[in-house]
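Chemist: let me see the structure of the following:
(one chain, ligands or ions: 1)
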Amino acid sequence: MKLTGRLKTVADKVSIGSRVADIGTDHGYIPIYLTKNEICKFSIATDVRKGPIEKARKNISIYNLEDKIYLRNGSGLRPIKKGEVDCAIIAGMGGCLICDILEDGKHIADTIENFIIQPMQAIESVAEYLYNNEFKIYDNSLVKENNKIYQVMSVCHGQDYIDDEIYFEIGKKLIENKDPLLEEYVELKRREIIKVISKVQNIDSISAQERLKECRYKLKKYEGVLKCL
Ligand SMILES: C[S@@+](CC[C@H](N)C(=O)[O-])C[C@H]1O[C@@H](n2cnc3c(N)ncnc32)[C@H](O)[C@@H]1O
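Modeler: From the prediction side, this is the model:
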């Protein structure tokens with residue numbers, strides 16, 4: 001079983017001997033990899049839709065792992081019992097959905113030691129949610145796949161310290177760890193915001209002017225980060 005870069009980066013963050021839940025497993029590749037490589041003690045693969053559950057079941061049977069990976073159909077953390085796992089992976093979903101899953105399953109999340117979170121978009125919503133709900137990003141890395149760069153966060157319970165909102169977008173740990181993809185990541189963001197600025201600056205409305213101010217502020221922040229690298 002060979003994982004793509006994004007999934008491999010997620011799987012590499014799981015501590016050896018963990019009891020793992022892969023929420024929204026789809027193909028089931030992460031639990032298969034973790035089990036085959038004896039990284040996890042056991043795993044639970046969940047999905048809200050029956051189609052992905054059946055896809056995962058097929059893949060799990062190809063690797064003869066039916067008795068090692070438990071498949072459960074259900075939303076978010078609901079299929080997981082309190083104290084059943086140490087680590088929950090929530091990867092490949094939008095940021096708002098990830099926040100909804102954490103919020104809806106708060107009572108279960110409280111019993112899980114750590115989370116590997118990999119949003120496809122709306123990273124800042126996830127980081128802000130984590131900060132406001134006493135979750136701490138203790139490690140963070142970037143991975144590039146199909147010309148897109150993703151953040152993969154390792155999260156535990158605890159209060160983080162954030163003194164600038166820019167860190168919701170560009171994780172503090174990425175800067176501290178001098179992530180090899182950081183410059184490219186921030187440069188992409190800088191170019192995107194310049195595009196938005198050039199569109200918005202020709203619109204004559206109060207909301208456009210406010211958006212312009214916000215974008216210019218962000219641009220300054222990105223340039224500040226780039227200067228420090
Ligand atoms: C794009 S796939 C990502 C699969 C895999 N985690 C990855 O990173 O490649 C998203 C999966 O999440 C599932 N999903 C969406 N909402 C969910 C929810 N509330 N609870 C569990 N699974 C969900 C979808 O059915 C789909 O299989």
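Chemist: what is the burial count for Ala11?
Modeler: Neighbourhood size, Ala11 [other C-beta atoms under 10 Å]: 25. In this view, the C-beta of every residue, glycine as well, is placed from N, C-alpha and C.
Chemist: Glu169 now?
Modeler: Residues within reach of Glu169, counting by other C-beta under 10 Å, total 18.
Chemist: from the ligand, how far off is it?
Modeler: For Glu169, the distance to the ligand equals 21 Å [C-beta to the nearest ligand atom, to the nearest Å].
Chemist: can you show me the helices along this structure?
Modeler: Using DSSP state H, the helices of the chain run over residues 5-12, 29-36, 50-62, 95-104, 106-109, 123-132, 166-169, 172-176, 182-200, 206-228.
Chemist: can I get those helices in a markdown table with mean pLDDT?
Modeler: Listed next are those as a markdown table, based on pLDDT from 0 to 100:
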| stretch | mean pLDDT |
| --- | --- |
| helix 5-12 | 98 |
| helix 29-36 | 98 |
| helix 50-62 | 98 |
| helix 95-104 | 98 |
| helix 106-109 | 98 |
| helix 123-132 | 97 |
| helix 166-169 | 95 |
| helix 172-176 | 95 |
| helix 182-200 | 96 |
| helix 206-228 | 94 |
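Chemist: tell me the most buried of the ones you listed?
Modeler: Among the helices of the chain, helix 29-36 has the highest mean neighbour count (mean count of other C-beta atoms under 10 Å), at a mean of 23.
Chemist: okay, it in CSV with CA atoms only?
Modeler: Output of helix 29-36 as CSV, limited to C-alpha atoms (Å, rounded to 0.1, in the frame of the first residue of the first chain):
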residue,chain,number,x,y,z
TYR,A,29,-6.3,3.8,2.7
ILE,A,30,-5.1,5.5,5.9
PRO,A,31,-6.3,2.7,8.2
ILE,A,32,-5.0,0.1,5.8
TYR,A,33,-1.6,1.7,5.7
LEU,A,34,-1.5,2.1,9.5
THR,A,35,-2.5,-1.5,10.1
LYS,A,36,-0.2,-3.0,7.4
